[in-house]
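S.K.: the sequence isn't on hand, but the structure is:
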């Protein structure tokens, strides 16, 4: 890839990443860190290509490690984030119950 | 099948198109995750995009073999990660994020290793590409070993903090050696005594040690910032390797995380009112700076749960300040139950969350959300801090450094200047604490010996249970 083109991609992606996070409530900091952790799991794609191109036992072993680690990043990152965000969905439901007790005060 | 796989359409349009779509949806997914309403939709979208990208890679023209190895690696690691991520209790989420992040960094580093090996053995790629591979290798490896240390520390496997005089110079020396070996690898230095493979090995081992040495002296209190930083570093490493492998989607997703993670790290460091360099190099959060020695002025006054229950039951206003102790004891459900019991008696109960309470920003919010505490009862530091003076009882559950008044007025304290919750301004303070020891940062806390403070020693869950029982009998 041409380096100038790569620099453009770098710049635009950096701006996008910055903008996406800029106005996030503190409540979502942890899930968002977890979510971005999942997103860099795209490294698995690169690891698969690296292993796919690898020849000889040394390259194959390292490529295998790359895919192994990358898959852990993807699956673990997804499950943890999903579990966390699921709770946020549920937490909407007790609200009416709470206004009831609030009215009783 | 093979005719279809060899079709020029697949290579020219379908595979790049799928990657393009995946990159777009990953960014949109991350964006959706930044609002509570759409957050769940965001992770599902991102998951679909990731699935598409991975599936398409199986038919990528450059993947010429090793399919069996690939599938074994994905299945074995995937199952392990799935089971561990499903089983881990919510309170241990921060270290799991650290672990999976470390794996991502390690993966990027391993990709770099393969590419550097191939470049060194006849596959000509050019100095620029090789340099970028080397940088990604360095950053990814540091993120890998650093994240694993962070994991071990949060998991409680590594309580000790190693610090000795001149440590930072040693670290600097290690780093310089790592960079030198990296440069030799990148330029493809060859010598009879020192083959490229040996150099590459030395480079990675040194980089592993650098990540290790960087993280070991940092105390547990600073781990949230550190994990966030390593998350950003992994993103950057992934972006670099994306360039090396010529996969734009990987570049984009990696750099997006690199930038977002850097911003998140800064937000956290700002919440602690300390520059990032301070977090990494000052040794705060280790306890070796010691607290002010002139602490002899008072002693802790203990209280029984029954008496604490009376104080709270007859109060008008109660503010609950949760900290990591609540997470450790899994007390969030009990605390919500206590809140409801008090609310029934007409007590106004609110929660005050310090931005860095727990092991991650928002950690307490996640736990309270899990217990079912509605958002409108939870207040941030800025919104609630001036209201402690009109509060009858402040209940501190396993929080320490974020309520330490020394941050306000003791210049010698290592946490001086960090915004804290002004719990000591409340008429009564009840502090649930497991023992008399110092907090994770290892600093003495004057709050605990204040005239208006009462210590309720015990496990947070058990104590909350006793408080509930106490309030109910009244």
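M.R.: Thanks, I have it. These figures come from a predicted structure and were not determined experimentally.

S.K.: skipping adjacent residues, who's closest to residue B:189 in space?
M.R.: residue B:199 (6.6 Å; C-beta to C-beta, 6 or more residues apart in numbering or on different chains). In this view, the C-beta of every residue, glycine as well, is placed from N, C-alpha and C.

S.K.: tell me the SS of the one you found?
M.R.: helix (DSSP: H, G, I helix; E, B strand; the rest coil).

S.K.: quick one: it and chain A, what's the gap?
M.R.: 14 Å (C-beta to the nearest C-beta, to the nearest Å).

S.K.: residue contacts, that residue?
M.R.: B:181, B:184-185, B:189 (C-beta atoms under 8 Å, 6 or more residues apart in numbering or on different chains).

S.K.: same question for residue B:390.
M.R.: Counting by C-beta under 8 Å, 6+ apart, residue B:390 makes contact with residue B:317.

S.K.: and it, what pLDDT?
M.R.: pLDDT, residue B:390: 91.

S.K.: one more: residue A:92?
M.R.: 43.

S.K.: pull the number of nearby residues for the closest residue to chain A within the stretch 201-350 of chain B.
M.R.: In the stretch 201-350 of chain B, the residue that lies nearest chain A is residue B:259 (3.2 Å; C-beta to the nearest C-beta). Using other C-beta atoms under 10 Å in any protein chain shown, residue B:259 has 26 neighbouring residues.

S.K.: ok but it is inside a strand, no?
M.R.: No. According to three-state DSSP, the state of residue B:259 is helix, so it is not within a strand.

S.K.: for the closest residue in space to it that isn't next to it in sequence, phi and psi?
M.R.: The spatial neighbour of residue B:259 that comes closest, neighbours along the chain excluded (C-beta to C-beta, 6+ apart), is residue A:17 at 3.2 Å. The phi/psi pair for residue A:17 (degrees, to the nearest 10) reads phi -60, psi -40.

S.K.: residue A:17: how many residues sit nearby?
M.R.: Counted with other C-beta under 10 Å, residues neighbouring residue A:17 total 30.

S.K.: what score does it have for pLDDT?
M.R.: Taking residue A:17 on its own, its pLDDT is 91.

S.K.: ok, it to residue B:469 distance?
M.R.: 50 Å (C-beta to C-beta, to the nearest Å).

S.K.: so residue B:341 is in contact with residue B:468, correct?
M.R.: Yes. Counting by C-beta atoms under 8 Å, residue B:468 is a contact partner of residue B:341 at 5.5 Å.

S.K.: contacting residues around residue B:147?
M.R.: Going by C-beta under 8 Å, 6+ apart, residue B:147 touches B:98-99, B:101-102, B:105, B:227, B:230, B:234.

S.K.: if we ignore the residues flanking it in sequence, what's nearest it?
M.R.: Here the residue nearest residue B:147, using C-beta to C-beta, 6+ apart, is residue B:102, at 3.0 Å.

S.K.: quick one, what contacts that neighbour?
M.R.: Contacts of residue B:102 by C-beta under 8 Å, 6+ apart are B:143-148, B:150-151, B:230, B:234.

S.K.: so can I have TSV of those showing pLDDT and secondary structure?
M.R.: Shown next, in TSV, are the contacts of residue B:102 (pLDDT from 0 to 100; DSSP: H, G, I helix; E, B strand; the rest coil):
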residue	pLDDT	secondary structure
B:143	96	helix
B:144	97	helix
B:145	96	helix
B:146	95	helix
B:147	95	helix
B:148	95	helix
B:150	91	helix
B:151	92	helix
B:230	95	helix
B:234	97	helix
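
S.K.: biggest separation within those, which pair?
M.R.: With C-beta to C-beta as the measure, no two of the contacts of residue B:102 lie farther apart than B:151 and B:234, at 13.5 Å.

S.K.: in terms of neighbours, single out the busier of these two.
M.R.: residue B:234 (37 against 22).

S.K.: distance of the most centrally placed residue in chain A from residue B:467?
M.R.: For chain A, the residue nearest the mean C-alpha position is residue A:38 (2.3 Å; C-alpha atoms, centre = their mean). According to C-beta to C-beta, residue A:38 and residue B:467 sit 38 Å apart.

S.K.: same check on residue A:82?
M.R.: Distance of residue A:82 to residue B:467, given as C-beta to C-beta: 34 Å.

S.K.: tell me which helix or strand the residue in the stretch 1-150 of chain B positioned nearest to chain A sits in.
M.R.: Minimum separation of the stretch 1-150 of chain B from chain A (C-beta to the nearest C-beta) falls at residue B:63, amounting to 2.9 Å. Per DSSP states H and E, residue B:63 falls between elements, in no helix or strand.
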